[in-house]
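Student: I would like to see how this sequence folds:
(chains A, B, C and D)
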2 protein chains.
Amino acid sequence: MARKKAYIEEEVIEKAMRLFWRNGYESTSMQMLEKEMGINKFSIYSSFGSKHGVFLESLKSYKKKVNSIFEKFKNSTNGVEGIKEFFYDSVNLCYQEGNQKGCLISNTYNEFSETEDDLVKGEMTSFMDNLKTLLIAKLRMDGTKDEKTITKQANFLLLAKHGLAAASRVNSRQEIEDYIEMTFKNL
Amino acid sequence: MARKKAYIEEEVIEKAMRLFWRNGYESTSMQMLEKEMGINKFSIYSSFGSKHGVFLESLKSYKKKVNSIFEKFKNSTNGVEGIKEFFYDSVNLCYQEGNQKGCLISNTYNEFSETEDDLVKGEMTSFMDNLKTLLIAKLRMDGTKDEKTITKQANFLLLAKHGLAAASRVNSRQEIEDYIEMTFKNL
DNA sequence: CCGATAACTAAACAATCGTTTAGTTATTTT
DNA sequence: AAAATAACTAAACGATTGTTTAGTTATCGG
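Tutor: Sure, this is the predicted structure:
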């Protein structure tokens, strides 16, 4: 052993994540990352290998935030009402600290949809698949719908969720909440 | 007068627009524009001044496409049913030529939301304002709703439209159409 | 306390970014 | 046909991109 790291990797990734969240991948430069993370380029590269590596770790860091919301959602036994609560929780994350950065997952989905970055894309699709499975499970809870409407409503909600995330970059929180209410009025 | 231009500005901008539509502003380089537009950097700069100028013209070119859809929408006397048709028309544009590039306006809205580019942002907000005015006018047509619900439904539809545009980058056309049907089921 | 080693600083890397400029080619007008 | 002029080609611009590397500093185990 020799000299110790003067930073904690989890902490600097959290900061990097916030930068990517706000600006996206392409518009965030190593220079900006250096400044925001508070460490030298060398340290960034020795810890995460590349800018791409920093981004991948940032995605994981964001997913941790989302996971606690997912966990609550998973444990809910309220059916459709539970989905609605989950939507509210997700929106709250988008407006954290008064910011309007949208959802990092959705932002990334959009930015990378025309690329061939399989690593990032893999993270995206696995996320969406998990969400869909969860939605279907919750929709089944009410016990009144047939499988066909459940599939349809799950797709609907998945798309609404993605739309919400996109809209939370440009719409006010009030508009978003109105939208959620309207969406769940007849499910 | 001397030598004539070997290209038509409208035509090369149409090509540039398709590139921005697919990749966004930041990820599209002058090199790519040269290749796609089929003209030299010099010609691009002498015609449009800068990359930013090319983008602004591209936005206008896209708006022309949208305007024909708007025009039809404007002339519709079908109220909510007319809005639904408008949504379908808009989605068709997003899936033009079998592509899945979303809507250039929405894509731009997302990409530029954290910038301070007032020119681009101006184009965006004016677009959204026009759409909202139109939506309200159409919602009034049915004559059964009070102003409060009209405002609420207009906001809802505006957000749904934006969400649809975002989703059309990653979702299948069938999913999008299901979403539209579900959205209009109770308006 | 000393040699080993890992983390740091800072400078440089090649490549690419958007932009400009010098030099050549083609068209128009006199 | 010659002079004028605008559009072309192509090379270079400085700045910035992501990445690497050489040299220094700090901390560890022996």
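
Student: break down chain A into its helices, ranges please.
Tutor: A:9-23, A:30-37, A:41-48, A:51-75, A:80-94, A:104-112, A:118-141, A:147-167, A:173-184 (DSSP state H).

Student: a markdown table for these, including distance to B:Thr125, mean neighbour count and mean pLDDT?
Tutor: Just so you know, the C-beta spots here come from the backbone N, C-alpha and C atoms, and that holds for glycine as well. Compiled in a markdown table, the helices of chain A are given as follows (distance: least, CB to CB, whole Å; neighbours: other CB atoms under 10 Å in any protein chain shown; pLDDT from 0 to 100):
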| stretch | distance to B:Thr125 | mean neighbour count | mean pLDDT |
| --- | --- | --- | --- |
| helix A:9-23 | 20 | 19 | 96 |
| helix A:30-37 | 27 | 16 | 97 |
| helix A:41-48 | 37 | 15 | 96 |
| helix A:51-75 | 29 | 17 | 96 |
| helix A:80-94 | 20 | 18 | 96 |
| helix A:104-112 | 20 | 24 | 92 |
| helix A:118-141 | 29 | 16 | 93 |
| helix A:147-167 | 15 | 21 | 93 |
| helix A:173-184 | 14 | 17 | 94 |
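
Student: same list, those, but as CSV with distance to B:Thr28 please.
Tutor: Listed next are the helices of chain A as CSV, based on distance: least, CB to CB, whole Å:
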stretch, distance to B:Thr28
helix A:9-23, 17
helix A:30-37, 21
helix A:41-48, 27
helix A:51-75, 19
helix A:80-94, 27
helix A:104-112, 13
helix A:118-141, 19
helix A:147-167, 21
helix A:173-184, 30
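
Student: looking at those helices, which is closest to B:Met124?
Tutor: helix A:147-167 (13.4 Å; CB to CB).

Student: show me what the closest one is packed against.
Tutor: Applying 3 or more CB pairs under 8 Å, 6 or more residues apart in numbering or on different chains; DSSP states H and E, one finds that helix A:147-167 contacts helix A:80-94, helix A:104-112, helix A:118-141, helix A:173-184, helix B:147-167, helix B:173-184.

Student: these: which one's closest to A:Val12?
Tutor: Among these, helix A:104-112 sits nearest to A:Val12 (CB to CB), with 16.7 Å.

Student: what's the distance between A:Glu123 and DNA strand C?
Tutor: 25 Å (CB to the nearest atom of the strand, to the nearest Å).

Student: check contacts around that residue.
Tutor: A:56, A:59, A:63, A:108 (CB atoms under 8 Å, 6 or more residues apart in numbering or on different chains).

Student: and DNA strand D, which of the residues you listed contact it?
Tutor: Among the contacts of A:Glu123, not one lies near DNA strand D by CB under 7 Å from any atom of the strand.

Student: what's the spacing between whatever residue of chain A ends up closest to DNA strand C and A:Phe42?
Tutor: The minimum distance from chain A to DNA strand C, using CB to the nearest atom of the strand, falls at A:Ala2 (2.5 Å). Noted for A:Ala2: a distance of 15 Å to A:Phe42, by CB to CB, to the nearest Å.

Student: next: A:Leu56.
Tutor: Taking CB to CB, one finds A:Leu56 at 19 Å from A:Phe42.

Student: excluding its backbone neighbours, what's nearest the residue of chain A at minimum distance from chain B?
Tutor: The nearest approach of chain A to chain B comes at A:Gly163, 1.8 Å away (CB to the nearest CB). Spatial nearest neighbour of A:Gly163, excluding adjacent residues (CB to CB, 6 or more residues apart in numbering or on different chains): B:Gly163 at 1.8 Å.
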